[in-house]
Every structure is written in C-alpha cells, then in structure tokens.
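Student: My questions concern the predicted model and sequence given below.
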Number of protein chains: 2
Amino acid sequence: MNFSSKLLENAVNEVSQLPGIGKRTALRLVLHLLKQPKSQTHQLALALGELVDEIKLCKNCHNISDVELCDICANTSRNSEIICVVEDIRDVMAIEGTAQFKGLYHVLGGKISPIEGIGPQNLTIESLVNKVKLGTVKEVIFALSSTIEGDTTNFYIFKQLEAYKIKTSTIARGISVGDELEYADEVTLGRSIVNRIPFENSL
Amino acid sequence: MNFSSKLLENAVNEVSQLPGIGKRTALRLVLHLLKQPKSQTHQLALALGELVDEIKLCKNCHNISDVELCDICANTSRNSEIICVVEDIRDVMAIEGTAQFKGLYHVLGGKISPIEGIGPQNLTIESLVNKVKLGTVKEVIFALSSTIEGDTTNFYIFKQLEAYKIKTSTIARGISVGDELEYADEVTLGRSIVNRIPFENSL
C-alpha cells in the first residue's frame, strides 16, 4: 500500500496488528475514525490506554478486575466450596449469563498447548492446587472447551488434585437444547447416550 | 454482557463503535491487547490520537496528507492538466498502485447520496469547478464506482463543468483481465461490447 500520509500509515499498521484485521480492514476502520468527531478517537485511545495501565487480575481467581479481589470472589453469598475452572474471562461471562452457578471461578489464562508453547507453568494451575490444599474446597468443576488441549489440561489438573480427595466433575456434553438429533455429530451424540441422566432430573 | 471490570467494559464499548465490530469481536480484540506488552496498546492509542489531531487534507486535491500540499500535488513531474476525480484516498491508492496515471487527483470525499443526506455541498465539487475555471485543466476523468450514487455524482459534476469546454472521460468498464465471459454479469459484458476498442490498442 502506498500511503500519502505517514500518520495514516502508522495508524493503519498499528490497527492491523490486531488479530483478524488485515491492512485493508485497518484502513477502513481508520478512515471511519477520521470521519467521526475527534473526541470519539480520543475516548477510544484513552479507554485502551487506561485499560492496559490499570487493569488487575483478581488475586483469588485471576479473573480480570478493576480491584484486587473481583466482585464474584468478594461476594460472600457465593459458595466458595465449589470452584469452576475456566480458560478466560469470556467463559466466566458465559457461565454467569446462565445464572445457574453460585460457586467461584478459577481462570487458568489458557490451555496447555505444546504447539503454542504454553505449558502448565504458564497457567494458574499452581494457584488452584494451593487453594485446594487449604482444605475448604469440596468440588472442582472443569469447564474447558472439549478440544485436545482442553482435555489435556483437564487431565493434568485432575492428576494434580487427585491426592486431595475432592470431588471433580466436568460440564455435561450433549445435544444442544433445541437441536435435531440427525444433525448432531457422532461423538457428541455418543457421549449424550453414555452419560444419560434420570428422566426426572431433566424436568 | 456482564463485565467484571468497568475498564474492560469501557474499552469494549469504545472498540465496538467501529464499523463491522460487534461486542464479541471487540472483547476478543481487547483481550488480545491485554495479552500483549502494554507498549503495543500505547503505540496504538498514540497513533490514533496523533492521526486525528495532526492529519491534514491537501489544499489542492483534498487527499489525506501530513502537509498542506500532498506528495502527488507537490510533484512537478506530474501532469496537472489531467485530473482524476475519485471518492476517497483508497481509490487514489488503488490507481497509484497501477502506475498508469501521471496526472493529479481530486478527492470528493464521498458521493451524492440523498439517502445518507450527502448533497453536492458536502463534497469538494465547488473546489473542482474552481480549479477548472482557472483554465489550465484539459481533461477530467471520472473514476467513481458505477453505482447509482456514483453515476449521479458523475453526471452532476459533468453538468457543472459543461460550460468550460474541457474533455471529460470515465474509466472503462468491462470484463476483468483473466475473467471468463460466461460468468460476467450482463451489464458489464454489454458495456464492454458497446465500448469495444481497436484491437491494436489492446496489445
């Protein structure tokens, strides 16, 4: 791309470093900003700058938070005996959206993935084990995505926690509510049959 | 979306104001930034802030520029007798990429579009007419997209320039180089037959 302006080129280069945004999209976004009031761009720049400077990770669950202890961990009405292990804040938001879970979370910050160079030491697994060691945790729920990396991470954590004799569980896999059986993949359908539940529990 | 952090929510809201970026994508982008070194986000914020504060429009062609007169207009080896009318800087970059045009540009800043509330007075049409009035321009090439808005804008400008007896032309429409005839749309194929050129000119 031949830019007539260094300022424009610089802005496009920075924006195009975001994942999934190429040079053309970056140019479109930047030209859009130029057509808006300057204040919008300044607010955007300020919001991003403040975010990376002031964001904290909750010292208990490692979720993104504005304060030392996040709202969920600070909420004494929640059950601190059950911990749901998730990959990142998006999973916390998704589960919170269901309003079905009243325990606490533990955010791993990723999954074990040798290809991406992420080992157990890059995640917050040690912190989880230390929490369990204290003896107040009764159940750990694994809620990672069911990929090879997710299963590996689940198994690694399971092995680490085995000695402490707590209950470990994993979220149910099965046919989505409202889905037609004929379009479901075989693995999911197979698991949903093997892990069938008493009918009265589904009411 | 239930955010555990006001800073995060604020950043996501600002990013999701960009065109084509929803809340989920904005969250993905912002979480990506949080995983990168802080300096990357500060550079991004700085680049955007500087862009909107310091960017200028070339006083001759209205293209985006860092200085009063853009590189193309300031280049004395270019032919100032031919002016190519385009919609925005992306079209300038596309035509410059071909290295086939040695004249100057005139950036309209949009197309006449009553639906979007853009009239001739919102574009740089008057400035183009004033340039032609000076008498040095010999040809104006219309290179707007061939939509109803583009055609309307072409025609409006054509009418404004009619009195000055200069040559006006429009870029050729036809089958793309390498395209199969059978997949071409009828309007394009029809135009390419009506506006056929002597074979020796195509060599």
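Tutor: Looks like it arrived, so ask away.

Student: Which parts of chain A are strands?
Tutor: Under the criterion DSSP state E, strands of chain A are mapped to A:56-57, A:64-65, A:79-86, A:103-107, A:139-142, A:167-170.

Student: Run through who's touching the top helix by length along chain A.
Tutor: Criterion DSSP state H: the longest helix present in chain A is helix A:38-54. The contact list for helix A:38-54, computed with C-beta atoms under 8 Å, 6 or more residues apart in numbering or on different chains, reads A:33, A:66, B:7-8, B:10-11, B:13-15, B:17, B:30, B:33-34, B:38, B:41-42, B:44-46, B:48-49, B:51-53. Where you see a C-beta, it was placed from the backbone N, CA and C, and this is true even at glycine.

Student: and what of stretch A:95-107?
Tutor: Identification of contacts with stretch A:95-107 by C-beta under 8 Å, 6+ apart yields A:57-58, A:60-63, A:72-73, A:77-89, A:91-92, A:124, A:127-128, A:131, A:139-141, A:143, B:1-2.

Student: hmm, 6 Å instead?
Tutor: Contacting residues not belonging to stretch A:95-107 are listed as A:61-63, A:73, A:78-80, A:82-86, A:92, A:128, B:2 [C-beta atoms under 6 Å, 6 or more residues apart in numbering or on different chains].

Student: try stretch A:19-33
Tutor: Stretch A:19-33 is contacted from outside by A:Met1, A:Ala11, A:Val12, A:Val15, A:Ser16, A:Thr41, B:Leu18, B:Pro19, B:His32, using C-beta under 6 Å, 6+ apart.

Student: And stretch A:72-81, by the same measure?
Tutor: Contacting residues not belonging to stretch A:72-81 are listed as A:Cys58, A:Asn60, A:Cys61, A:Lys102, A:Gly103, A:Leu104, A:Lys138 [C-beta under 6 Å, 6+ apart].

Student: coming back round to it: how far off centre is the longest helix of chain A?
Tutor: 24 Å (C-alpha atoms, centre = their mean, to the nearest Å).

Student: Let me know the angle separating that helix from helix B:38-54.
Tutor: When axes from the mean of the first three to the mean of the last three C-alpha atoms, to 10 degrees is applied, the directions of helix A:38-54 and helix B:38-54 differ by 160 degrees.

Student: which of the contacts of stretch A:95-107 count as buried?
Tutor: A:Cys61, A:His62, A:Asn63, A:Cys73, A:Arg78, A:Ile82, A:Ile83, A:Cys84, A:Val85, A:Val86, A:Val92, A:Leu128 (16 or more other C-beta atoms under 10 Å in any protein chain shown).

Student: I figured the third one was touching A:Leu69, is that so?
Tutor: Right, the one you point to is A:Asn63. No. Applying C-beta atoms under 6 Å as the test, A:Asn63 and A:Leu69 come out as separate, 10.1 Å apart.

Student: Quickly note the distance from whichever residue of chain A sits closest to chain B to A:Phe3.
Tutor: Closest to chain B within chain A is A:Ala45: 3.7 Å, counting by C-beta to the nearest C-beta. Shown here: A:Ala45 relative to A:Phe3, a distance of 20 Å by C-beta to C-beta, to the nearest Å.

Student: before we move on, what about A:Pro19?
Tutor: Where A:Phe3 is concerned, A:Pro19 sits at a distance of 22 Å (C-beta to C-beta).
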